[in-house]
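Chemist: Build me a model:
(chains A and B)
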Amino acid sequence: MIDSFNKKRLNQISKKTRPVLYSIFRLVILLAISYIIIYPLLYMISSSLKTSSAFQDPSVLWIPKVFTTENFKIAIEAMDFKNAIISTLIFEMVSALIETATCAITAYGLARFNFPGKKLLTVMLILLIMVPSQMIIIPMTINFSQLDFLGVLKLMGGLFGKELRPNILDTALCFYLPSLFSVGLRSGILIFIYHQFFRGLPKELEEAAWIDGSAPPRTFIQIALPSSSVAIITVLVLSCVWHWNDYYLAVMYTSENFPLAVSLASLPQRLSLIGIWPGDIRNTLGVMAGCVMFVVPILIVYLFLQRKFIKSIDRVGITG
Amino acid sequence: MKKKKHAGVERLKSRYGLMFVTPFIIGLILFFVFPLISSVQYMFSRIRFEPGNTVITWTGLKNIKYVLFEDPHFINNVVKGFSTFAYSFPLILVVSLVMAIILVQDFKGRVLFRGISFMTVIIASGVVIEYVLKYQGADITGAGVETSIMEDMIDVESILTVLGLPTQISKYFQVVLSSIMTVIWNSGIQTLLFISGLQAIPDQMYEVSKVEGATKWEEFWFVTFPMLSKILVLVSAFTVVELFTSKTDRVVSSAYTMMQSQNYHESTAMLWVYFLILGIVIALIYIPFNKYCLKRWE
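Modeler: Modelled structure (predicted):
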């Protein structure tokens, strides 16, 4: 009797405490993960502001007694920061914008229309997602060093006896061209996100527009695009972030106008060129300062777009 | 008569469809299929640069032989890559799924935690991560040592002394911790895709399962998980590609060093061999998984 009473009581308690226990558990997991994410950022910022003696001083934990901008100065000098950020903006960011636009067009075509060869194109899209860009980077680089569309220019050059194939390496073109044809940096997954969104968009409005005599390109611009801000923001943020962080393509395509990611990757070596060798603490601190300068611009942009981006993720509706 | 008219409309629509995807088709041919074919060609040949021309001579299996039998690091690097994959892959999937499930719930501070966890997407570049996980630091004696921020993050040795364990274990702890950190920093996009997928599950499914009296656990396994199975495939594919092409992967980075010294043929061969092995392994894992696990839910 008492036993069953206790059991009932226990059940009641556990029913009440379960959500509390669960939310504590949730909070613990979230805090742990946030700690792991935020710690390196704070560490970078904190050590980039320290002098090398303060970095070694065990009594200085987070906030140095004397703030110094010395690390930033040497990092800016070694990275050639001004030129690097200009080429990042011109090469990578513009390419991200182009990609955001062209991927939408491709995905709309795939999501809304039936045409011969659609299955093949879908398979190619999956391949585009799956095949690492490293596989095709060498032929692309060689191709860009003598830009030729399937041998047409070489043939014409042979006819006229002139070299018509331009070398577009180290110019913005080698970033823009693939993006223009929506096969740029990770285009596959961006097209996929758009495709998923367009598929979930109600068809009725576009069908009504068709009956009223609006051609699909106009329908796309005036009806489909205005109602897909969610997908556009998601893709725009992802594309900008990936382009900003892009290292593999940029390091092959550029030889002088290095974007920021490439200069950051070679920062320890670059610092040793101005006499601060790896192993010197100033080298480490300079690298930390470089990381901070690399992260901060994109972080600021993210903070502005954050609310919209988070809401967009909820509503894109990727189902696979 | 009526049918014919309808067919005309369909044809017109399909033409418009083709119009939308034409740039993509051109791009695929120029910047994907064509380079892919030439990279297969490079694998079996030697590339030399003369002014205004690229000379490609056929050398047969020489590059592949070099990669497999002469390169001293290749096999080791492959093994290393796969062992990293073996623990990272399941962990990344689990962590990102748990994060996604937590972050779609309604609770105080959700926006803050979402903002923080999406920060990994923003910063998840190979370059910064590499510096975070391992940078060439210097200890007080001035000798260059490889340290990482993670070692500063949790003072393993003092925890071990408090627990009364020998400090030799600290090495293992550090390995575990640094892999946890790698996993969390690499699971940003996956979390994002899972969140998007979770939001797309209709609420009615959950209402039905509640009416039927399912527990939370059953609800997860019989509603959430099957509904996510397709996105799980997408996320897995994405994770595999990410893991094997990240800057911390040794085969890819050594191939890159070779490329930068214009050793194009051998680095292509190396990447092809690596990704072919990878493809075979993935197929061996995926086919039985698909047959026995995913089919069960359908």
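Chemist: Against B:Gln105, how distant is B:Thr224?
Modeler: Between B:Thr224 and B:Gln105 the computed distance is 12 Å (CB to CB, to the nearest Å). (C-beta placed from N, C-alpha, C; glycine too.)
Chemist: which one of the two has more residues nearby?
Modeler: B:Thr224 (18 against 11; other CB atoms under 10 Å in any protein chain shown).
Chemist: list the contacts for the more buried one?
Modeler: The neighbours of B:Thr224, taking CB atoms under 8 Å, 6 or more residues apart in numbering or on different chains as the test, are B:101, B:198, B:201.
Chemist: 10 Å instead?
Modeler: By CB atoms under 10 Å, 6 or more residues apart in numbering or on different chains, the residues touching B:Thr224 are B:97, B:101, B:197-198, B:201, B:205-206, B:209, B:216.
Chemist: per-residue pLDDT, it?
Modeler: pLDDT for B:Thr224: 86.
Chemist: Poorly predicted segments of chain B, please.
Modeler: Within chain B, the ranges that satisfy pLDDT under 70 run B:1-6, B:51-53, B:125-126, B:132-161, B:165-171, B:174, B:292-298.
Chemist: the strands in it, which residues?
Modeler: Shown for chain B, the strands assigned by DSSP state E span residues B:45-50, B:53-58, B:135-138, B:144-147.
Chemist: ok, the closest residue to A:Ile298 other than its chain neighbours - how many residues close by?
Modeler: In space, and not counting its chain neighbours, A:Ile298 is closest to A:Trp244: 5.0 Å by CB to CB, 6 or more residues apart in numbering or on different chains. The burial metric for A:Trp244, expressed as a neighbour count using other CB under 10 Å, is 23.
Chemist: With the one 5 residues further on instead?
Modeler: The local packing count at A:Leu249 equals 25, with neighbours defined by other CB under 10 Å.
Chemist: Equivalent analysis for A:Ala32, please.
Modeler: Neighbours of A:Ala32 under the rule other CB under 10 Å: 12.
Chemist: swap in B:Phe69?
Modeler: If you count neighbours by other CB under 10 Å, B:Phe69 ends up with 9.
Chemist: That one and B:Ile75 touch, don't they?
Modeler: Yes. With contact defined as CB atoms under 10 Å, B:Phe69 counts as touching B:Ile75 (9.3 Å).
Chemist: Need the overlap of contacts for B:Thr224 and B:Gln105.
Modeler: B:Leu198.
Chemist: what about the helices in the stretch 101-250 of chain B?
Modeler: Taking DSSP state H, counting those that start in this stretch as the criterion, the stretch 101-250 of chain B contains helices spanning B:110-123, B:126-133, B:149-153, B:156-163, B:170-186, B:188-199, B:203-211, B:216-219, B:225-245, B:250-260.
Chemist: hey, which of these is tucked in deepest?
Modeler: Per residue and on average, the most neighbours among these fall to helix B:188-199, with a mean of 24 (mean count of other CB atoms under 10 Å in any protein chain shown).
Chemist: what's the angle between it and helix B:110-123?
Modeler: 140 degrees (axes from the mean of the first three to the mean of the last three CA atoms, to 10 degrees).
Chemist: Does chain A have contacts with helix B:188-199?
Modeler: Yes. Residues of helix B:188-199 contacting chain A under CB under 10 Å from any CB of the partner chain: B:188-189, B:191-199.
Chemist: by contact count, what packs against that helix?
Modeler: Judged by 3 or more CB pairs under 10 Å, 6 or more residues apart in numbering or on different chains; DSSP states H and E, helix B:188-199 is in contact with helix A:187-200, helix A:229-245, helix A:281-316, helix B:74-103, helix B:110-123, helix B:225-245.
Chemist: Same list, the ones you listed, but as JSON lines with distance to B:Val162 please.
Modeler: Putting the helices and strands packed on helix B:188-199 into JSON lines (distance: least, CB to CB, whole Å) gives the following:
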{"stretch": "helix A:187-200", "distance to B:Val162": "46"}
{"stretch": "helix A:229-245", "distance to B:Val162": "39"}
{"stretch": "helix A:281-316", "distance to B:Val162": "29"}
{"stretch": "helix B:74-103", "distance to B:Val162": "27"}
{"stretch": "helix B:110-123", "distance to B:Val162": "29"}
{"stretch": "helix B:225-245", "distance to B:Val162": "35"}
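Chemist: and which of the contacts of B:Thr224 is nearest to chain A?
Modeler: Of all these, B:Gly197 has the smallest distance to chain A: 5.5 Å, by CB to the nearest CB.
Chemist: burial count for the closest residue to B:Val95 other than its chain neighbours?
Modeler: In space, and not counting its chain neighbours, B:Val95 is closest to B:Ser187: 5.0 Å by CB to CB, 6+ apart. If you count neighbours by other CB under 10 Å, B:Ser187 ends up with 30.
Chemist: Now the phi/psi pair for B:Ser187, please.
Modeler: When quoted as degrees, to the nearest 10, the phi and psi of B:Ser187 stand at phi -110, psi 20.
Chemist: could you point out where the stretch 201-320 of chain A is predicted with low confidence?
Modeler: A:279, A:320.
Chemist: how about a cut-off of 50?
Modeler: Regions of the stretch 201-320 of chain A meeting the criterion pLDDT under 50 are absent.
Chemist: Is A:Val262 in contact with A:Asp170, as I believe?
Modeler: No. In this structure A:Val262 lies outside contact range of A:Asp170 using CB under 10 Å: 11.6 Å.
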